[in-house]
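Q: test case, fold it:
(one chain, ligands or ions: 1)
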Amino acid sequence: MSSERIDTSMPSPVLRKSSDVIVSGIQPSGALHLGNYFGALRQHIQLHETHEAYYFIVNYHTLTTLRDRDKLRRYTLDVALDYLALGFNPQAAYLFMQSDVPEVTELAWIFSNLATVSQLEKGVAYKDKIAQGLPANAGLFTYPVLQAADILIYGGTLVPVGADQKQHIEMTRVLAERFNRTYCPEDDPVFPVPEPYILSDVAVVPGLDGRKMSKSYENAIGIFEEGKVLKKKVMSIVTDSTPLEAPKDPEHDNVFTLIRLFADSETRERIAEAYRAGGFGYGHAKKELLTLIDEHFAEARIRRKELARHPDDVFDILREGGRKARERAGEYMERVREHVGLITTYEAAP
Ligand code: TRP
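A: Residues are numbered from 1 along each chain as shown. Got it, this is the predicted structure:
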């Protein structure tokens with residue numbers, strides 16, 4: 001995958017220091033799409049090369065809305081395949097399943113006694129989901145508490161997420177501070193107070209209909225779609241009805257917005273020039289886009305197919321990531337239990 005290419009269109013990260021501990025969770029909710037790729041995944045992949053990073057597939061969180069064992073298992077593996085195919089290097093950072101660190105649920109329980117109902121009732125994500133008709137179960141309600149545990153159990157300091165997660169990170173900060181204030185001496189807090197690193201303002205990726213690309217709008221292009229399926233989707237991207245001969249404004253076109261994400265500056269300029277010159281139709285632009293997508297993901301597609309043939313190897317990678325993450329989580333949990341006064345007499349987890 002030609003990942004250097006896209007760097008040109010990325011603003012320099014707001015990272016404060018390389019000692020930041022990067023933590024982020026990924027929902028296993030089906031095949032990831034270009035919006036996920038440009039909105040989070042690609043930055044996750046970049047960050048993990050230079051930082052201590054913990055990326056976990058949040059299968060506990062998914063239970064709040066998904067009750068299909070086969071889908072949950074398949075989606076979990078899908079996320080792992082996507083990350084590994086797109087360049088996540090298991091030697092550089094940790095990729096694992098949330099459920100391989102079951103202590104997060106213990107910490108979430110402890111936090112749920114510090115979170116207030118009124119605060120959770122203000123949860124935008126919760127209210128949205130209820131408005132969509134999802135059953136208001138307690139897991140959905142306390143979702144942000146589990147997310148706080150996810151982040152704090154590794155001592156996370158920086159959380160790269162989409163703008164929609166701002167409120168959840170704010171709740172995490174409140175819980176970290178409240179825990180420290182309630183249980184710790186002022187000069188020896190257990191948890192760092194993490195900061196969000198908001199990614200999705202970086203690139204709003206239009207879907208086939210021009211609205212923001214989203215699984216729920218059914219306007220998404222999957223990262224690993226190819227061949228006829230991909231072609232059909234690209235050809236169906238909504239454009240205006242400027243005739244082929246007429247000059248076009250690349251700045252106001254969904255196809256060009258996508259082209260811009262994939263193309264290096266030279267290609268981008270060449271295509272923009274063709275738009276402005278006229279005699280270049282949206283069909284031509286779509287062909288260019290198709291070629292760019294194919295090139296961009298060519299290696300990743302091969303890698304993903306190869307990995308998919310060896311799911312056991314993928315689970316080995318997840319297991320090893322989870323084991324190391326659990327070690328770190330264990331250290332935090334020991335301090336937590338001690339501070340809150342929980343006595344455990346069992347042997348520490350391996
Ligand atoms: N709520 C996040 C989302 O929907 C997923 C998530 C769960 C997460 N735990 C996390 C993100 C911890 C960052 C850190 O995308």
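Q: how many other residues sit next to Lys122?
A: Using other Cβ atoms under 10 Å, Lys122 has 11 neighbouring residues. (Glycine included, C-beta is placed from N, CA and C.)
Q: and the one 4 residues further on, by the same measure?
A: Neighbouring residues of Tyr126 were enumerated by other Cβ under 10 Å; the total is 20.
Q: can you tell me the element it falls in?
A: helix 124-131 (DSSP states H and E).
Q: give the rounded mean pLDDT of that helix.
A: For helix 124-131, mean pLDDT rounds to 94.
Q: the helix or strand following it - contacts with which helices or strands?
A: Counting by DSSP H and E, the next helix or strand C-terminal to helix 124-131 is helix 138-141. Helices and strands touching helix 138-141, by 3 or more Cβ pairs under 8 Å, 6 or more residues apart in numbering; DSSP states H and E, are helix 124-131.
Q: hey, C-alpha coordinates of the helix it packs on in CSV?
A: The C-alpha trace of helix 124-131 is given here as CSV (Å, rounded to 0.1, in the frame of the first residue of the first chain):
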residue,chain,number,x,y,z
VAL,A,124,-25.7,12.3,23.0
ALA,A,125,-24.8,8.8,21.6
TYR,A,126,-27.2,7.2,24.0
LYS,A,127,-30.0,9.6,23.1
ASP,A,128,-29.4,9.1,19.4
LYS,A,129,-29.5,5.4,19.7
ILE,A,130,-32.8,5.5,21.7
ALA,A,131,-34.2,7.9,19.1
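Q: is any residue of that helix near the ligand?
A: No. Using Cβ under 6 Å from any ligand atom, helix 124-131 never reaches the ligand; the gap is at least 7.2 Å.
Q: and for that helix, what's in contact with it?
A: Residues from elsewhere that reach helix 124-131, judged by Cβ atoms under 8 Å, 6 or more residues apart in numbering: 65, 120, 136, 140-141, 143-144, 164, 167-168.
Q: was I right to think Thr239 contacts Phe256?
A: No. Between Thr239 and Phe256 there is no contact under Cβ atoms under 8 Å: 9.4 Å.
Q: ok, the two, which is more surrounded?
A: More crowded of Thr239 and Phe256, by other Cβ under 10 Å: Phe256, with 24 against 17.
Q: hang on, isn't the more buried one packed against Glu273?
A: No. Phe256 sits out of contact with Glu273 when judged by Cβ under 8 Å, with a separation of 11.6 Å.
Q: which pLDDT value goes with the closest residue to Gly123 other than its chain neighbours?
A: Distances taken as Cβ to Cβ, 6 or more residues apart in numbering place Pro144 nearest to Gly123, at 6.0 Å, with adjacent residues excluded. Pro144 carries a pLDDT score of 98 in this model.
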